[in-house]
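Participant: sequence first, predicted model second:
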Amino acid sequence: MNYKDIIARNFSRAARTYDEYAIFQNGLAQKLKAQILEEAEAADAILDAGTGTGTLAIELAKPLPKSSIYGCDIAGEMLRVAKEKIASSKVSNFNCMQADVEHLPYRNSSFNIVVSNMALHWACDIEGALAELARVLANGGWLFVSVAAQEMLFELHRSTALAAAKSGINISNDLPRFPSNEVIVEHLRDLNICEITTTQVEEKLYYKSPRELLLSLKRTGTNRFAKTDGAPLPASLLSRAMEIYEKEYGNGNGICATFKALLIRARK
């Protein structure tokens with residue numbers, strides 16, 4: 001099973017629990033919505049790339065009944081939930097389909113606005129994914145993106161790395177590598193995207209234990225604390241990582257997890 005198949009599988013498995021547990025992602029969706037509505041009055045077509053369960057797209061479709069909203073995602077079960085939500089919300093201007101953000105099935109310059117909420121950091125080639133977003137964005141159109149920052153869940157990454165070092169296990173290729181803010185902005189400039197503004201968003205969430213955090217992440221499809229071939233990390237390693245996490249970042253009442261993202265607003 002290749003990397004993209006693993007990502008699609010993980011998110012499909014989490015489709016029915018995603019909305020309940022995606023607290024940080026849903027908050028970012030509201031921030032993106034506010035920014036988009038400032039520029040969307042004359043938008044004929046809007047693309048939500050990595051739409052997931054369609055939360056953001058539906059939130060845009062309601063106040064923009066004259067705009068055609070399109071969504072795509074690599075995970076089929078996420079789209080099944082999105083279509084159920086479309087039916088229950090009674091919006092008629094949002095359609096979604098299964099597609100890879102690195103190979104979008106749309107013509108050049110098809111959209112006045114392109115948005116992607118916490119999806120691009122899962123791409124194999126984030127530079128290629130950004131190029132695809134730029135390709136389908138019309139001249140003068142707006143790009144709105146949120147992407148995981150490098151410091152995302154640093155407590156969990158550090159605890160796992162320390163446990164691996166103490167166990168003599170090399171997992172350098174198996175922990176998530178989120179792109180730096182500078183790299184993303186540089187890619188956008190190379191694509192002739194201008195008027196780039198960035199904002200760092202941070203939220204600390206609290207859990208009863210590290211295991212509760214891991215369960216919450218799994219229920220949003222964020223299950224990359226496994227080897228790159230999809231096999232789980234050794235149970236003994238995870239157990240040691242959880243002990244380190246609790247010792248380093250616990251306070252007797254639970255543990256803290258730091259969620260960080262970069263919000264990007266730019267124009268073509």
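Facilitator: Yes, it's here. Bear in mind that the values here come from a model prediction, so they are computed numbers and not experimental data.

Participant: how about the residue nearest the centre of the chain, nearest residue that isn't a chain neighbour?
Facilitator: For the chain, residue 118 is the residue whose C-alpha lies nearest the centre (Cα atoms, centre = their mean; 2.0 Å). Nearest residue to residue 118, sequence neighbours excluded (Cβ to Cβ, 6 or more residues apart in numbering): residue 25, at 4.8 Å. Glycine gets a C-beta too; all of them are placed from N, C-alpha and C.

Participant: confirm that residue 53 sits in a strand.
Facilitator: No - counting by DSSP: H, G, I helix; E, B strand; the rest coil, residue 53 is not found in a strand; it is coil.

Participant: distance from stretch 237-248 to the middle of the chain?
Facilitator: What separates the centre of stretch 237-248 from the centre of its chain is 26 Å, taken as Cα atoms, centre = their mean, to the nearest Å.

Participant: in that stretch, which residues are buried?
Facilitator: For stretch 237-248, burial by neighbour count (16 or more other Cβ atoms under 10 Å) applies to 237-238, 240-242, 244-246.

Participant: check stretch 24-43 too.
Facilitator: 24-26, 28-29, 31-33, 35-36, 40, 43.

Participant: re the thing from before, sec struct for the residue nearest to residue 118, please.
Facilitator: helix.

Participant: that one contacts residue 219, doesn't it?
Facilitator: No - taking contacts as Cβ atoms under 8 Å, residue 25 lies outside contact range of residue 219: 12.0 Å.

Participant: just the pLDDT for the residue nearest to residue 50 when sequence neighbours are not counted.
Facilitator: Of all residues beyond its chain neighbours, the one nearest residue 50 is residue 119 (2.5 Å), with distances taken as Cβ to Cβ, 6+ apart. Per-residue pLDDT puts residue 119 at 96.

Participant: do residue 224 as well
Facilitator: At residue 224, pLDDT is 57.

Participant: circling back to that earlier point, pull the contacting residues for the residue nearest to the centre of the chain.
Facilitator: 24-25, 28, 50, 146-148, 261 (Cβ atoms under 8 Å, 6 or more residues apart in numbering).

Participant: what do you get for residue 188?
Facilitator: Applying Cβ under 8 Å, 6+ apart, we find residue 188 in contact with 130, 134, 143, 196, 264, 266.

Participant: so what does it look like in phi/psi?
Facilitator: Torsion angles at residue 188 (phi, psi; degrees, to the nearest 10) stand at phi -60, psi -40.

Participant: tell me how far it lies from residue 21.
Facilitator: 30 Å (Cβ to Cβ, to the nearest Å).

Participant: same question for residue 66.
Facilitator: Taking Cβ to Cβ, one finds residue 66 at 34 Å from residue 21.

Participant: between the two, which one's more packed in?
Facilitator: More crowded of residue 66 and residue 21, by other Cβ atoms under 10 Å: residue 21, with 18 against 10.

Participant: with adjacent residues omitted, what lies nearest to that one?
Facilitator: residue 219 (4.3 Å).

Participant: wait, isn't the one you found in contact with residue 13?
Facilitator: No - Residue 219 lies out of contact with residue 13 (Cβ under 8 Å); the separation is 9.0 Å.

Participant: and the closest residue to residue 191 other than its chain neighbours, which of the three is it?
Facilitator: Nearest non-adjacent residue to residue 191, counting by Cβ to Cβ, 6+ apart: residue 134, 4.3 Å away. When classified by three-state DSSP, residue 134 comes out as helix.

Participant: measure how buried residue 134 is and give me the count.
Facilitator: Using other Cβ under 10 Å: residue 134 sits among 20 other residues.

Participant: so who does residue 50 touch?
Facilitator: 72-74, 101, 116-120, 122.

Participant: do residue 58 as well
Facilitator: Residue 58 makes contact with 82, 85-86, 89, 91, 94, according to Cβ under 8 Å, 6+ apart.
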